[in-house]
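J.: Attaching a predicted model along with its sequence, questions to come.
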Amino acid sequence: MPRHTSFRFCLDPSVEQEYVLSQHVGAARFAFNQALRLHKDARAAAERGQGRDSTPEAAPGVGSDDHPGRDISNAVHAPWTGFDLINEFNKWKRSEAAGRRFLVDSTGMTGVQVTGLVWQGRVLAQVFEEACVDLGRALKAATDSRTGTRKGPKIGFPRFKKKSLTGGSFRIRNKISKGRASIRLGTGERVRAVSLPKIGVLRVRGCTRRLRRMITKDRARILFVTVSRGASRWWISITVEAADLHPTQRHASQPGEVEAAKRATQPSKQSWVGVDRGLHALAVAGSSDGTEVLRVDNQRVLRRGLPRLRRLSKAVSRKKKGSKNRKKAVVRLGRQHARIRDRRRHVLHQVSNQLVKNHARLVLEDLNITGMRSNPKLSRAISDAAWGELARQITYKQAWRSGQVVVADRWFPSSKTCSACGTVRKDLTLKDRTFECRECGHVMDRDLNAAVNLAAWAENHTPTVADTDGVGRGVARVGTVKQPAPSKTPTDRTPPPAPARVAGVGRDWMTWEPTLRPHPRPEGWTPEKGGVP
């Protein structure tokens, strides 16, 4: 099965090429803003009840789905999809509204000549189309978020893009005509170069040998490229459709797919490994037998770069708005932000690569990162750790290698549960870095104890364990054997009454739990790493 991946390189354009790239970035921003304006004008015209006959020069209105009681015999649908937005933009750029000029003949008579968008020939036409496609995706995401179809944080209505000296991007598709691709990598003697239509050959600073080999051996096909402008640098991201990794680089889904000798030398690859993410240690991985397989300290790149970041921010605020010195200060500030972001990304890729290469089964905890960031004392540290990005990288990289990634229940107290006896310690605080069980006397590092509990949770909550319905239940404890859950009769599915509320105190979510949940919480359950429901 093919997979989609991207190769990102830093460009080294000349002064003339930088000017051409800036033109394409501005064209993409212009097309996005103009398509958004056409969309808003169409909806406004529909709200006023205007149709084709009443306002021939106006943009089209919405259809009968939005206004079922209105006569829409003359109305048309507003452009919502990328295809409709492209058609509307193409009509507009040839119209009088896009450009015109007045002509005066020898007799003094004046006339109007429709020129349309006179500068559209300077840039590639795909730039306008891809900008309209991006707007269509943004409109769909906003609609799905408003109706509840899209999960995750709320997405608002698209806004107009502003002009910036350190931002912006455009996208170009790879078209094949007469057996020749429009986007080529390594032309002639210049192997570190990429050829783009309408722009020419751009020098690349990085080594393109790996990508060129994949394309030559028909193991990759270029889909499109995205050129973006950063802090005083230009970047190109080449998205390709690549073949699956070599079988020797993938994990075996079944034990019979791997040779016995390989399984003997690498027995830990087939066991579950829990990954605990934290602030003191970025990631701690451990197996269910209590073995620590990986520990990565938190680099705190934002905390280390914050003094310089504050100094540059003050320098920007002291400059006069609109001056050249302020523009230079803004570029320096953006360069510092990019340096911090690149350092964090480099560490996350190193950690995720090390985990997915050495372990076929990983267990992550479901963290409510948005709720945890509401704590003003830990918000900056949590954002600097980038737990969500680490989980995203582990998920798609493990899928490439045919591995497994399981997400543990958010309310499973991995840090407060003893990995030896399963006792939950409710009084454990964030400053306690060592877990000490008062029942059995077990002492272990806090993060390692959580990783061990996650690994044991996966062993007891996966279909690999004998179960009637294929889903494990109960408390994850090292060495425990999962028992089938008792069947429930209709009389047992009635939820208990809610506890009485005390003045000034909310509902006691710590003790009340309806029996309708398929996974009943164990006795002594406490919310962990995510706040209250």
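T.: The structure has been received and is ready for your questions. Given the structure is predicted, the values throughout are model-derived calculations rather than measurements.
J.: can we go C-alpha only for contacts and neighbour counts from here?
T.: Will do.
J.: any idea which helix or strand carries the residue lying farthest from the centre of the chain?
T.: Outermost residue of the chain with respect to the C-alpha centroid, by CA atoms, centre = their mean, is Thr107; its distance is 63.9 Å. Following DSSP states H and E, one finds Thr107 outside all helices and strands.
J.: Ramachandran angles for it?
T.: The main-chain torsion angles of Thr107 are listed as degrees, to the nearest 10 and equal phi -90, psi 0.
J.: OK, contacts around it?
T.: For Thr107, the contact set (CA atoms under 8 Å, 6 or more residues apart in numbering) is empty.
J.: Return the per-residue confidence for it.
T.: Residue-level confidence at Thr107 comes out at 82, pLDDT.
J.: Give the buried residues for the longest helix seen in the chain.
T.: Longest among the helix segments of the chain by residue count, using DSSP state H, is helix 324-358. Of the residues in helix 324-358, those buried under the neighbour-count criterion (16 or more other CA atoms under 10 Å) are 326-327, 329-337, 339-340, 344, 347-349, 351-352, 355-357.
J.: Can you name every helix or strand that it contacts?
T.: Contacts defined by 3 or more CA pairs under 8 Å, 6 or more residues apart in numbering; DSSP states H and E place helix 324-358 against helix 301-318, helix 387-400.
J.: Just after that helix, pick out the following helix or strand.
T.: Sequence order places strand 361-365 as the next helix or strand after helix 324-358, per DSSP H and E.
J.: Direction included, what does that next one pair against?
T.: Pairing partners of strand 361-365, with direction, according to DSSP bridges: strand 272-277 (parallel), strand 404-408 (parallel).
J.: Next, the buried residues of the helix or strand hosting Asp384.
T.: With the criterion set as DSSP H and E, the secondary-structure element containing Asp384 is helix 379-385. Within helix 379-385, the residues that count as buried by 16+ other CA under 10 Å are 381-385.
J.: repeat for stretch 429-436
T.: Along stretch 429-436, the positions that meet the burial threshold by neighbour count (16+ other CA under 10 Å) are 435-436.
J.: mind giving me JSON lines with the strands paired with strand 361-365 and columns for distance to Lys161?
T.: Listed next are the strands paired with strand 361-365 as JSON lines, based on distance: least, CA to CA, whole Å:
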{"stretch": "strand 272-277", "distance to Lys161": "36"}
{"stretch": "strand 404-408", "distance to Lys161": "37"}
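J.: tell me the most buried of the ones you listed?
T.: Using mean count of other CA atoms under 10 Å, the stretch among the strands paired with strand 361-365 with the greatest mean number of neighbours is strand 272-277 (a mean of 29).
J.: outside of that strand, which residues touch it?
T.: 283-288, 359-365, 387, 447-448, 450-456, 458-459.
J.: now the residues you listed: which count as buried?
T.: When burial is judged by neighbour count using 16+ other CA under 10 Å, the buried members of the contacts of strand 272-277 are 283-288, 359-365, 387, 447-448, 450-456, 458-459.
J.: which intervals of the stretch 51-200 of the chain have sub-threshold pLDDT?
T.: Scanning the stretch 51-200 of the chain for pLDDT under 70 picks out 51-76, 188.
J.: 50 instead?
T.: 52-74 (pLDDT under 50).
J.: now Pro376: how far from Ser383?
T.: 11 Å (CA to CA, to the nearest Å).
J.: Next, format the strands paired with strand 361-365 as TSV and append mean pLDDT and distance to Phe435.
T.: As requested, the strands paired with strand 361-365 are exported to TSV (pLDDT from 0 to 100; distance: least, CA to CA, whole Å):
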stretch	mean pLDDT	distance to Phe435
strand 272-277	92	14
strand 404-408	91	20
